[in-house]
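In: this one's sequence-less:
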């Protein structure tokens, strides 16, 4: 929300806002441009008929006093994605969707567009190097690239965000059940992607990963579109570096892993739909080093690397663990993940994690019972987690201090560490911790 506020401020709008709490870096960035609320809380008197729009964030419940006031006096009310669509109706809308890889593919595409000097707007789910904000909205850009999240549009609009965007060009990276609190069955989750495909503009383009059987089924039943399939491109790993084999020559990459390579090929299909030649795309993508917290290197020594990753769902966990092991096949891999999301802490969903960390030589899972209680979920037991992952030697901990102590006791020579969480292991600075381990 604060990135949208900054984008609208930069576009010339007068922007104000309310929240019950604002954390860093949002607080400092809003303050820098003079749009930080003077006090926290909800103030109905700030809502008046002269407003062009009230835009809802996820903290605005149905009984929010400012929302009630806006409804009472007839001020236009929008969800976040609905308003982004309003701002991009006259642009070529590119939407990157799928259960995994959305942020990375979007970041790849933005990297290439920027390298080619093209003018574009965007919405992406991570802070990217070379981009001041995660949202950009201008009057002049003919293209907007949108990361298409399938989560709720707002607390009072339970439609997935990506149903709003009506793209002319789209991508789906794959379907792996997530968000069990919103989509209680896999079939219900898959249905959201069918609706998205149907929302693509007539004669539009859809790139999709052909290795996903669920996507293949949806595409086979979908409307008449320009379908562009992609798969894992030819590549080799040389001295710990991935090299892409292309018609125009070898392309050494900063990124690695099968999923990242699939993401790259998906981004190439979208770039082609925007008029960028293959050779030009590969030349530009060679310098792409990744999106924040997506298989991001935080520390490195002579024979050890520490990575952090946002991975939390079973498919992401499996892909990320396998990628690091394959890239450094001669090193041991310690994989440590935190169960933090509503889905991952749900006893009914846990079974989806079967085999998800099998590529690691040592696997550690942490969860905080207080987090489970805060999400109002039934408690889970250590044995439930071990059984769900179907790995007898899985180490399961419920005390983050013990996780830190265990990792500090390791000798990291010829051994890599992968830290995976959508949280932070109860306040751990993953960058600092990784550097600490390798400097010991």
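Out: That came in fine, so what should we check first? Note that the coordinates shown come from a computational prediction; the quantities given were computed from them, not determined experimentally.
In: ok, now how distant is residue 42 from residue 249?
Out: Distance, residue 42 to residue 249, using CB to CB, to the nearest Å: 58 Å. For the C-beta atoms, the positions are set from N, CA and C on the backbone; glycine is no exception.
In: In space, not sequence, find me the middle residue of the protein.
Out: The residue lying closest to the centre of the chain (CA atoms, centre = their mean) is residue 103, at 4.5 Å.
In: got the residue ranges for the strands in the stretch 251-400 of the chain?
Out: Along the stretch 251-400 of the chain, counting by DSSP state E, counting those that start in this stretch, strands occupy 296-301, 304-309, 332-339, 362-367, 395-397.
In: okay, those strands in CSV with distance to residue 211 next?
Out: Converted to CSV, those look like this (distance: least, CB to CB, whole Å):
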stretch, distance to residue 211
strand 296-301, 25
strand 304-309, 21
strand 332-339, 23
strand 362-367, 25
strand 395-397, 31
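In: Any idea which of those strands gets closest to residue 413?
Out: Nearest to residue 413 among the strands of the stretch 251-400 of the chain is strand 304-309 (6.5 Å), distances taken as CB to CB.
In: Outside of that closest one itself, list whatever touches it.
Out: 293-300, 316, 320, 324, 328, 331, 412-421, 430-431, 434-435, 437-438 (CB atoms under 8 Å, 6 or more residues apart in numbering).
In: what's the angle between it and strand 332-339?
Out: Here strand 304-309 points in a direction 20 degrees away from that of strand 332-339 (axes from the mean of the first three to the mean of the last three CA atoms, to 10 degrees).
In: who does strand 304-309 pair up with?
Out: Strand 304-309 pairs in its sheet with strand 296-301 (antiparallel), strand 415-420 (parallel), by DSSP bridges.
In: circling back: any chance of the strands of the stretch 251-400 of the chain in JSON lines, with mean neighbour count too?
Out: Shown next, in JSON lines, are the strands of the stretch 251-400 of the chain (neighbours: other CB atoms under 10 Å):
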{"stretch": "strand 296-301", "mean neighbour count": "17"}
{"stretch": "strand 304-309", "mean neighbour count": "24"}
{"stretch": "strand 332-339", "mean neighbour count": "24"}
{"stretch": "strand 362-367", "mean neighbour count": "22"}
{"stretch": "strand 395-397", "mean neighbour count": "18"}
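In: and stretch 114-132, which residues are buried?
Out: Applying a neighbour-count criterion of 16 or more other CB atoms under 10 Å, one finds 114-116, 118, 120-126, 128, 131 buried in stretch 114-132.
In: Return the mean pLDDT over the longest helix seen in the chain, rounded to an integer.
Out: Ranked by residue count under DSSP state H, the longest helix found in the chain is helix 258-273. Helix 258-273 carries an average pLDDT of 96.
In: Could you name the helices and strands sitting against that helix?
Out: strand 92-97, helix 102-115, strand 169-172, strand 205-209, strand 226-230, strand 241-246, helix 278-285, helix 314-327 (3 or more CB pairs under 8 Å, 6 or more residues apart in numbering; DSSP states H and E).
In: Going by mean pLDDT, which of those comes out lowest?
Out: helix 314-327 (a mean of 91).
In: Show me which residues of that helix are buried.
Out: 314-325, 327.
In: Neighbour count for residue 42 and residue 249, which is higher?
Out: Taking neighbours as other CB atoms under 10 Å, residue 42 and residue 249 compare with residue 42 leading, 17 against 10.
In: gap between that one and residue 69?
Out: Per CB to CB, residue 42 is found 9 Å from residue 69.
In: cool, and residue 19?
Out: Residue 19 is 16 Å from residue 69, by CB to CB.
In: Same check on residue 249?
Out: Using CB to CB, residue 249 is found at 62 Å from residue 69.
In: ditto for residue 346
Out: Separation of residue 346 from residue 69 (CB to CB) stands at 36 Å.
In: picking up where we left off before, columns mean pLDDT on top of the strands of the stretch 251-400 of the chain, output as CSV?
Out: Listed next are the strands of the stretch 251-400 of the chain as CSV, based on pLDDT from 0 to 100:
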stretch, mean pLDDT
strand 296-301, 93
strand 304-309, 95
strand 332-339, 97
strand 362-367, 97
strand 395-397, 97
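In: Of those, give the one that comes closest to residue 209.
Out: Once those are compared by CB to CB, strand 304-309 is nearest, at 19.3 Å.
In: and the closest one with helix 314-327, angle?
Out: Relative orientation of strand 304-309 versus helix 314-327 (the same axes, to 10 degrees): 160 degrees.
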